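Trainee: the sequence isn't on hand, but the structure is:
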Ligand SMILES: O=P(O)(O)OC[C@H]1O[C@](O)(COP(=O)(O)O)[C@@H](O)[C@@H]1O
């Protein structure tokens, strides 16, 4: 049985970063599986309930944020880290060969109900050409790299099992935490997203805020009137990692058509992984990995999944939800 980190041929420095990342994932998984995850929802430990959500509307699990950042720091291989929870990137080490971006706990509003959550991460090479710039400037430039420059990305899914799905651009591997030995075991090597699925995943309570193109697309696939002559089923956990993980395994399309998900922390890492597994990722108009980020917390519509499903969606034209009133739940 192969373990995460045991694969040969991986860049030695990158292997060290991934090893430290595993440490963070194990620690977060243990915290989420402890009663503290629910009992501490009156503090800022976990942002599970709307009543304790921060005014910025962001997830607020600071301790998880700190866990992840400190694991990157202890790897001594990371120059700069940027967390979805923070306003600015943090410069760590002038000589670190890598740049790490991460969302420590996506879907944290689901914690109280023990619904799956996840950590999303992306790793770039440090831009040596920016080394001489002032710290703030080079930190910003390094974390605003195009998704096509990622060298590794993936996610951890905290569910009935703790899953780590990872790509270093040479095939997508799925590992599962074996609690008997504390190691991640390879359970699905070189995973490929089915070219076509029969599941769509979207918050379709927003149907009446959608543009015509998206409504027509969803209406067609529901009725079996799309390019694939079978009726699609709907699945929506409302926890991005869980919805993406299912889409990778079963195929179909997962989407959030409004500008809600973040390019740097969610779109790029998941887009890189999806493409590496043979799927596609777009914002309804452009390939995600080609978009040059201009802001750290830039939001955009996100559509990803089976290549044939994403290509079909794009033929419907206007699929981006422009009406975005802000929803209570
Ligand atoms: O409210 P919507 O549009 O259904 O968005 C749900 C999505 O938002 C997320 O909760 C992320 O949003 P936050 O970063 O604000 O938590 C995803 O996990 C989920 O897929």
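Mentor: Happy to help now that I have it. For clarity, every value in this text was computed on a predicted model and none was experimentally measured.

Trainee: wait, residue 135 sits on residue 91?
Mentor: Yes: counting by Cβ atoms under 8 Å, residue 91 is a contact partner of residue 135 at 4.9 Å. (Each C-beta comes from the backbone N, C-alpha and C, glycine too.)

Trainee: tell me the pLDDT of the closest residue to residue 217 other than its chain neighbours.
Mentor: Residue nearest to residue 217 in three dimensions, not counting chain neighbours: residue 316, with 4.3 Å by Cβ to Cβ, 6 or more residues apart in numbering. As predicted, residue 316 sits at a pLDDT of 98.

Trainee: next one: the helix or strand of the chain with the lowest mean pLDDT to chain centre, how far?
Mentor: Sorted by mean pLDDT, DSSP states H and E, the helices and strands of the chain end with helix 36-39, the least confident at a mean of 76. Centre-to-centre, helix 36-39 and its host chain are 24 Å apart (Cα atoms, centre = their mean, to the nearest Å).

Trainee: need the next SSE after that helix, C-terminal direction.
Mentor: helix 62-75 (DSSP states H and E).

Trainee: for residue 164, give me phi and psi.
Mentor: When read as degrees, to the nearest 10, the backbone of residue 164 gives phi -120, psi 120.

Trainee: residue 113 versus the residue in the stretch 1-150 of the chain that the ligand sits nearest to, what's the distance?
Mentor: Residue nearest to the ligand within the stretch 1-150 of the chain (Cβ to the nearest ligand atom): residue 107, separated by 3.8 Å. Look at residue 107 and residue 113: by Cβ to Cβ, to the nearest Å, they are 11 Å apart.

Trainee: repeat that for residue 318.
Mentor: Residue 318 sits 34 Å away from residue 113, going by Cβ to Cβ.

Trainee: same check, this time on residue 74
Mentor: 33 Å.

Trainee: same check, this time on residue 66
Mentor: Residue 66 is 25 Å from residue 113, by Cβ to Cβ.
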